[in-house]
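Visitor: dropping the sequence and predicted coords here.
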Amino acid sequence: MQSYIDALIQNIGILQQVPPLIIYTAAILLGCAVVFGYISVVAMIMIYAERKVAGHMQSRYGPMRVGPHGILQSVADSIKLLLKEDTVPDKAHRFLFKLAPLLVFAGAFVPFAVLPFSEHLVISRMNIGIFYILSLAAIEVIGVIMAGWASGSKWSLYGGMRLAAQMVSYEIPMALAVLTVVAFSGHLGLHEITHAQGKWPWEWFASPLKSPFTAVGFVVFYIAGLASTKRLPFDLPEAESELVAGFHTEYSGMRFAYFFIGEYTAMYVVCAATAVLFLGGWNGPFPGVVNMLGKTFFLLFVMIWLRWTLPRLRIDQVIFVCLKVLLPISLICVIGAALQAVLF
Amino acid sequence: MQDFLQTEEILVNMGPQHPSTHGVLRLVIRTDGEMVRETYTHIGYLHRCAEKIGENLTYKQFVPYTDRLDYLASINNNLGFCLAVENLAQIEVPERAAYLRVMGAEMNRIASHLVSYGTLGMEAGAFTPFFYGFREREQLVAIIEKMCGARLTYHYARLGGVMRDITPEIARDTREFVRTMEQRWEEYNTLLSFNEIFIKRTANVGIIPRDMAIGYGLTGPCLRGSGVEWDLRKDDPYSLYERFAFTVPYGDGRMGTVGDSWDRYWVRMVEIKESLKIITQVLDGLPEGPIMGKVPRVLKLPVGEAYMRVENPRGELGFYLVSDGGTKPYRLRIRGPSFCNLSIMNALGRECLVADVVMILGSIDVVLGEVDR
Amino acid sequence: MDAKEIYTRLVSQFGSERILAFRDDAAGDPFVLIRPESVRGVMQFLRSEQSLDFDFLSLITGVDYPDQLTVVYHLFSYSQTHKLVVKVELPRASPRVDTVESIWPTANWQERETFDLLGVEFVGHSNLRRILLPEDWDGHPLRKDYQQPDEYHGVSNW
């Protein structure tokens, strides 16, 4: 990205008069605006897709009224949420209550800085890309705990506590699963990881032909991704039959929408990261962007599919799955992948 | 650890407005983190004092009020009350009417169990079973609507017989439904019953041993889930139930321990199948004849008292009727199965997880309209 | 065993001053009338005696007659498949009878309901509070002389 801007400054004379700091700031803001627009649209499409897929899985139609086949339903919903009264409960800690949705949203937003859509369509080619994504995902945890505590409601507190337990545990197998890939690519940058994979499915890290360890790592990463985005069967933080709506019980209007968009964006990020790490990123038979988006949306569809099929686990079972199943498996995979990378 | 980390137990109010309390039940749970130490059940939010209403209405007038007790199984309630009155008044019910009552009651039992299937799935976090259950229930409700014109409060069984005869069209629809339901039943099991996560959530959760179940007065699927082979339709038949062949399912601890939530759930699922058998037999052997017995216009019951119990989808529904010879009951007591089944909640909801409380409540399957009456 | 045989059995065990009467003259179920003071002993016997084995308490209720308040117990045995109706008659002014909660746990809620709606006091009950009506409700609605209050906390009842 920086090289583009530098080239731009050199080619357009008038920009050389302006201090570079201003240009960079403007470029960053512009980038943010583009990404924000992109994820809003993606979130809307996903919410619509989720309702439609759910509807058809449950032998009903889903939204049908707003626009043909209800395609404008998400727009109507966003307008409704924008116009709704923004309430803050009496017992809430006002400052933290208002800050929490922004943190959650930010946590889901920043990974877009490094997520590549194709070889060249990327904001920053950071050399620690995947590390950056994993570490910033932790901001979301803080936001959710903050929301749970600041709401001053017991149900919210429960939701926050559950999420803290769940996300902190699942980050370990997630990071270990990433290490299996890194053992082969030898680099933390997303571009280098993508370049380590070929055009066809058997050249991807998800394929047992390439390495059985990364193939298992793919499954571990995706399951851990489900857990960290609070999707069924791991949606305990907002389990509506137990905790009403979990940590966002007390939120309304736009603040609720931030949580909502944040959640769907986090899903997108996890799926895009899975696509890059294990499914060859933009490599494939079609033009780069199509490959990348196709893989991402397929993974998103699987997430939606699981959600409308499976029941929910219990908190002890969630932690059991993480610490006693996924963690040993991913440790073995890391060792195996490292040996394979060194020896073969 | 415990010396410098202070933990605190919190009291959480689950209900009366809560997604999983089936209406307006209020549970106060004392929790230590995710562990539930104690559960207190508070009921009465839907109390209408149906028994007092009964004392002020004639027998015929009270029949539609029984619809509002267990509103998911109104025909069963009608049947119980009508049988209690007919017993005391010595009213003869024509055979055809008795058959039709059985058919209505069994259809209603299936409808009620389908709701239970859906809500238990919902409580486990699976949304789709709810819609599947309601899809078949819709088909069934449409048939009952043709039979009696209502979709929830049917008032189908009347004193002396039933409200309306069935038409060939209804019989055809019903057979059609039986066929569909048999196929869908397999689908239900693939989707929920044998789902690994669902089994993990229900097996060994909320175990009610046999003696405890009897002591707490549990009846219906909750009792049978604990391994007691007892069904009033079989063991104390009424309304010609002795003529129909069906088996009584009971819990055998297939997925865990006898009397756990999965057993109670499974008993309901098998009951759906058995009810389908009964419906087919009713349609096959439906005798010709009138559908209404001779009931005097002004019904006066002889002095005396009767306790009539029927097997409602949730258990033993009893009507205790005291007559002083007048046109109204002197005293009417309704034994709601949900009321007694729910009383075990305080004993079950301790030393378990918050999520278990929800599953236990779902597997007991109460209808608050009947708990509070 | 039918009700008559159980009655004879009870009389031979407790004597006719505790087991007052057996009636099957009116239409419907026959019943055994016992003295209020001996409820706990008789019920314990009915529950624990092998040949009777009344393990299921189907129903506890009360009936408000003009001159007395009757508490009715409907018992059933799963193993022997026989049933029995037991009644006690209490004075309307201060109806008090021993609880059977320790014999059948189901009595807990049913006795609370009878207390709530009819005002029968079950002595020794672990938690005798109103169950269906609000805690601060006046009177017992199923009493025949019950007057419905005009309002409850400022909400009209009409």
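Guide: All right, it came through fine. Numbering: from 1, shown residues only, chains lettered A, B, ... in the order given.
Visitor: for chain C, where's the lowest mean pLDDT among helices and strands?
Guide: strand C:27-28 (a mean of 69; mean pLDDT, DSSP states H and E).
Visitor: now for residue 84: which residues touch it?
Guide: Answering for chain A, as no chain was given. Going by CB atoms under 8 Å, 6 or more residues apart in numbering or on different chains, A:K84 touches A:252-254. Just so you know, the C-beta spots here come from the backbone N, C-alpha and C atoms, and that holds for glycine as well.
Visitor: actually it's chain C I care about, not the one you picked
Guide: By CB under 8 Å, 6+ apart, the residues touching C:L84 are C:3, C:6, C:32, C:46, C:54, C:74-76.
Visitor: so which of the residues you listed sit within strands?
Guide: C:32, C:74-76 (DSSP state E).
Visitor: about what we covered before: which one of the contacts of C:L84 is nearest to chain B?
Guide: C:H74 (5.6 Å; CB to the nearest CB).
Visitor: right, and that closest one touches C:V85 too?
Guide: Yes: with contacts counted by CB atoms under 8 Å, C:H74 reaches C:V85, the gap being 5.7 Å.
Visitor: just after the longest helix along chain A, pick out the following helix or strand.
Guide: Secondary structure assigned by DSSP state H gives helix A:20-57 as the longest helix of chain A. Next helix or strand after helix A:20-57 toward the C-terminus (DSSP states H and E): helix A:73-83.
Visitor: report the contact partners of B:R30.
Guide: B:9-12, B:36-39.
Visitor: ok, C:D53 next?
Guide: C:47, C:77, C:79-80.
Visitor: re earlier: what angle separates the longest helix of chain A from helix A:73-83?
Guide: Counting by axes from the mean of the first three to the mean of the last three CA atoms, to 10 degrees, helix A:20-57 lies at 120 degrees to helix A:73-83.
Visitor: packing partners for helix A:20-57?
Guide: Of the remaining helices and strands, those touching helix A:20-57 by 3 or more CB pairs under 8 Å, 6 or more residues apart in numbering or on different chains; DSSP states H and E are helix A:2-11, helix A:73-83, helix A:94-109, helix A:253-278, helix A:288-307.
Visitor: which parts of the fourth one are buried?
Guide: By neighbour count, with 16 or more other CB atoms under 10 Å in any protein chain shown as the criterion, the buried positions of helix A:253-278 are A:255-278.
Visitor: just the buried ones from the contacts of C:L84?
Guide: C:3, C:6, C:32, C:46, C:54, C:74-76.
Visitor: keep only these that also lie close to chain A.
Guide: Among the buried ones among the contacts of C:L84, no residue is within reach of chain A (CB under 8 Å from any CB of the partner chain).
Visitor: re the thing from before, which ones among the contacts of B:R30 are found in strands?
Guide: Within the contacts of B:R30, residues falling in strands by DSSP E are B:10-12, B:36-39.
Visitor: of the residues you listed, grab the buried ones for PyMOL.
Guide: Applying 16+ other CB under 10 Å to the ones in strands among the contacts of B:R30 leaves a buried subset, and the PyMOL line that selects it is:
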select buried, chain B and resi 12+36+39
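Visitor: for chain C, which spans come out with low pLDDT?
Guide: The model of chain C has pLDDT under 70 over residues C:26-27, C:158.
Visitor: how about the strands in it?
Guide: With DSSP E as the criterion, chain C has strands spanning C:19-23, C:27-28, C:31-34, C:56-64, C:69-76, C:83-90, C:96-98, C:121-123, C:151-152, C:155-156.
Visitor: and the stretch 1-150 of chain B, which of its residues are near chain A?
Guide: Going by CB under 8 Å from any CB, the residues of the stretch 1-150 of chain B near chain A are B:10, B:12-13, B:18-20, B:33-34, B:121-128, B:131-132, B:135.
Visitor: quick revisit: check which residues of the longest helix of chain A are buried.
Guide: A:23, A:27, A:35, A:39-40, A:42-44, A:46-55, A:57.
Visitor: and chain A, which of the contacts of C:D53 reach it?
Guide: Among these, no residue lies close to chain A (CB under 8 Å from any CB).
Visitor: ok, back up a step: just want the angle from the longest helix of chain A to helix A:253-278.
Guide: Inter-element angle recorded for helix A:20-57 and helix A:253-278: 90 degrees (by the same axes, to 10 degrees).
Visitor: follow-up on the earlier one: among the residues of the stretch 1-150 of chain B next to chain A, which are in strands?
Guide: B:10, B:12-13.
Visitor: ok, those vs A:E85, which is closest?
Guide: Comparing these against A:E85 with CB to CB picks out B:N13 as the nearest, at 24.8 Å.
Visitor: how close does that closest one sit to A:L96?
Guide: Look at B:N13 and A:L96: by CB to CB, to the nearest Å, they are 24 Å apart.
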